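Novice: Below: sequence and its predicted model.
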Amino acid sequence: MLKTMNIEEMLHSNIIKIVKETYDVDVKDFIVEHPDNREFGDYSTNIAFILSKTLKQPPLEIAKKLSYRSTQEIVKTLTDAKENRIFESAEFVAPGFVNFKLSKRWLQLVPNEIILQEKAYGSSDVGGGKRIALEHSNVNPNKAAHVGHLRNACIGQFLERSYENLGYNVEVQYYANNVGVQVVTSSMGMEMVNDINPGDYEKFDHYAWDVYASMESRISEDPELQKKRQELLLKLEDPNSEEFKKQSILANKILMDQLITFKELGFDYDVIIYESDILMLDLWKKAFEMLKTNPNVYYAETGNSKGCWLVRLKEQPIQNSAEDVEEDKIIVRSNGVPTYTGKDIAYHMWKFGLLDVDFGYKKWNSGTQKKELWVTSSDPENSLSPVSFSKVDYVYDVIGTEQSYAIDVVKKSLGYLGFTKESENMKHVNYGFVFLSKDTARLLGMDVADDKDFYAMKGRRGWGIKIDDLIKMVDGRLSDEYGNFEYLTTVRTGAIKFQMLKPNTFQDIVFDLNEALDIKGYSGPYIQYAYVRANSVLAKSGITPAELAEVQPDLPELSERETDLLRTIYKYPEIVQKAAYNFSPNAMCDFLFELSKSFNAFYNDIHILGEENHDKKLFRLSLCAATRQVVVNGLYLLGIDVPEKM
RNA sequence: GCCCCCGUAGUUCAACGGACAGAACGCGGACCUCCUAAGUCUGAAAUGCAGGUUCAAUUCCUGCCGGGGGCACCA
């Protein structure tokens, strides 16, 4: 695999070297960035401002000196693998920036590089095959998945592909709580809710959606039913009970329907972890044996939490006081049953292989995905599995921001137990809520009399946009406008995923149906369209990528459109890394949009096939091929395919 | 009460402490006898309030105002 060099890093270290030689000082806290305004070059640094304090000189003076030195050193000597100079100038500008401009020669060779590297352009092997357990989707198996889950899955798939692209081994885990309150509620509803008929629904999980909402409202009004639910939950502690079996069957039926939904948008998983198997395996008991010998885990003999086991959350001198501290987190109730957080600590210890146990696994031919799908199993005949999903190097959990506190407790607990490395290697990918706009809420029949700007989805009330319904609506809109064309599914999936990924992950977003159905402008189809145009030109030219790869352009002049495109496309490898490391799919969306805009402008103003100068024509075609390749690579990371025609 | 996140054009979102705060939708103009108009060009329009730190603040700090989430022997 070819490795794309990182110009930003090269520039950074070269600046450090020059500063050392010029002023004999070491600097680190300066930045190298792409200036917003292209007139200021391709890279820019604020080094002069940083130095001005220590050197007690005006920034402009420093910038002047450093830009001179840079011209002598960086511009003259910094070359790529083929000995081409990367920069053509380094200039200082008031109030004290040093700006670097990429050389025309180097820029012209970028498309060639991209065409040669194909899918590998932007990839790297920094991950070195380290394993990441990536947990996402995690829909409770008691009802259909909604757009909140969709956001989770989209972010998850982006991380899966991005980290694979950086050389990590990513294993996608789907945690299914098949013995929780939610499934129990749906299960009760299956028997008690009689005014809803499964025959009226296209999918069973949609039926379950309404049953769940109906049952919840009945339980909330009836203490007797609440008691019954508690009893049922208790019975589920026994894996051999009738209730347990019935419950598992129901959960699996709904899970299957959820997988069908996710298949429709191309999501894949490696393993489904059943909560019931976590119970069967006694993960908790094994973990608790380790936990209770640790000085940071203690038994409260007095206080509000008398009789409970707690984990310390504040760094404090370890004392043998048995009195509980208010901030500390209860992990075992006074009746001996572990809390959710307690079990989660155990679960994460399993992920890192800190417990000496593992599940059995068996294959599930769900027919819903491209990868092999495994599920955990407590059946002794599966105890010797050919696979294992334990003992990973990193754990990334794509979980809503509302669980930040709980996850923080798990992380801290791992640390306090001495698993410092594991604690650091566990990352919470938190993402904001998906609210509904007032219009959309009204459309769903929610009460909007209080006139707020947005409304929360509520599974318990049956309020939310099901993913299946969204898909259907987008498909409907597309076929209304463009007919039933061959690549409708690809365009629809692109539209939906891009929509979910373009905002910052930590931001709450307001989902509006009208906006989701409006696929113009900053959208997936816009980028797919740029691909289709590039593709079409190349097809008509009759020239193959292999032939274009031979082209070594050396044009004296480039048009503004061509230069703009080049000055955008070379950034791709940097974006790939930034988007992955910062959990920022939106950075990739942004980049692809900017690239497509630049390509569209080029396409609009510049003749390609009609160009008479052979060299120019070839170069323009290679620009098309390069753009096409980068769009394919970038969209792939977002989980989006490209249509051959639109 | 304590903790976390968020307040940017009419709306939905950008902006690692940087150089005139970017887009998209919507609104107002202009472009198909050249490779796909799901497109291009173009106009109007914004940093909640008050202080502070800095050469430089949407970004950092303090206070206030507004919105969301969390702080369970729930999951």
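Specialist: Received it, and whenever you're ready, just let me know what you need.

Novice: At the contact with RNA strand B, which residues of the stretch 51-200 of chain A appear?
Specialist: Within the stretch 51-200 of chain A, the positions adjacent to RNA strand B are A:52-53, A:59, A:93, A:95-97, A:99, A:177, A:180-182 by Cβ under 7 Å from any atom of the strand. C-beta here means a position set from N, CA and C on the backbone, and glycine is covered the same way.

Novice: List buried residues within those residues.
Specialist: Buried subset of these (neighbour count, 16 or more other Cβ atoms under 10 Å): A:52, A:59, A:93, A:96-97, A:99, A:177, A:180, A:182.

Novice: Report the separation between the closest residue to RNA strand B within the stretch 501-646 of chain A and residue A:334.
Specialist: Nearest residue of the stretch 501-646 of chain A to RNA strand B, counting by Cβ to the nearest atom of the strand: residue A:521, 1.9 Å away. Remark: distance between residue A:521 and residue A:334 (Cβ to Cβ, to the nearest Å) = 58 Å.

Novice: list the helices and strands the helix or strand where residue A:98 lies packs on?
Specialist: Under the criterion of DSSP states H and E, residue A:98 resides in strand A:97-102. Contact here means 3 or more Cβ pairs under 8 Å, 6 or more residues apart in numbering; DSSP states H and E; on that basis strand A:97-102 packs against strand A:43-45, helix A:47-55, helix A:59-70, strand A:87-93.

Novice: could you redo the last one with a cut-off of 6 Å?
Specialist: Packed against strand A:97-102, as judged by 3 or more Cβ pairs under 6 Å, 6 or more residues apart in numbering; DSSP states H and E, are the following elements: strand A:43-45, helix A:59-70, strand A:87-93.

Novice: related to what we said a few turns ago, give me the number of neighbouring residues for the residue of the stretch 501-646 of chain A closest to RNA strand B.
Specialist: For residue A:521, the count of nearby residues is 8 (other Cβ atoms under 10 Å).

Novice: cool, and residue A:546?
Specialist: Using other Cβ under 10 Å, residue A:546 is surrounded by 9 other residues.

Novice: before we move on, what about residue A:491?
Specialist: Residue A:491: 26 surrounding residues under other Cβ under 10 Å.

Novice: hey, C-alpha coordinates of the helix or strand just after the strand holding residue A:98 in PDB?
Specialist: Going down the chain from strand A:97-102, the next helix or strand is helix A:104-117, by DSSP H and E. Once non-C-alpha atoms are left out, helix A:104-117 reads as follows in PDB (Å, rounded to 0.1, in the frame of the first residue of the first chain):
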ATOM      1  CA  LYS A 104       2.400  24.600  -9.600                       C
ATOM      2  CA  ARG A 105       4.500  21.700 -10.700                       C
ATOM      3  CA  TRP A 106       3.700  19.700  -7.600                       C
ATOM      4  CA  LEU A 107       0.000  20.500  -7.700                       C
ATOM      5  CA  GLN A 108      -0.100  19.400 -11.300                       C
ATOM      6  CA  LEU A 109       1.100  16.000 -10.300                       C
ATOM      7  CA  VAL A 110      -1.500  15.500  -7.600                       C
ATOM      8  CA  PRO A 111      -4.100  14.000 -10.000                       C
ATOM      9  CA  ASN A 112      -1.600  11.600 -11.300                       C
ATOM     10  CA  GLU A 113      -0.700  10.400  -7.800                       C
ATOM     11  CA  ILE A 114      -4.400   9.900  -7.000                       C
ATOM     12  CA  ILE A 115      -5.100   7.900 -10.100                       C
ATOM     13  CA  LEU A 116      -2.200   5.700  -9.400                       C
ATOM     14  CA  GLN A 117      -3.100   5.000  -5.800                       C
END
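
Novice: From the rest of the structure, what touches helix A:104-117?
Specialist: Helix A:104-117 is touched from outside by A:2, A:84, A:86, A:121, A:545, A:548-549, A:553, A:566, A:570, A:622-623, A:625-626, A:629, with contacts defined as Cβ atoms under 6 Å, 6 or more residues apart in numbering.

Novice: cool, and stretch A:139-148?
Specialist: For stretch A:139-148, the surrounding residues in contact (Cβ under 6 Å, 6+ apart) are A:149, A:176-178, A:182-183, A:186, A:205-206, A:208-209, A:212, A:251, A:254-255, A:258, A:261, A:434, A:457, A:464-467, A:511.
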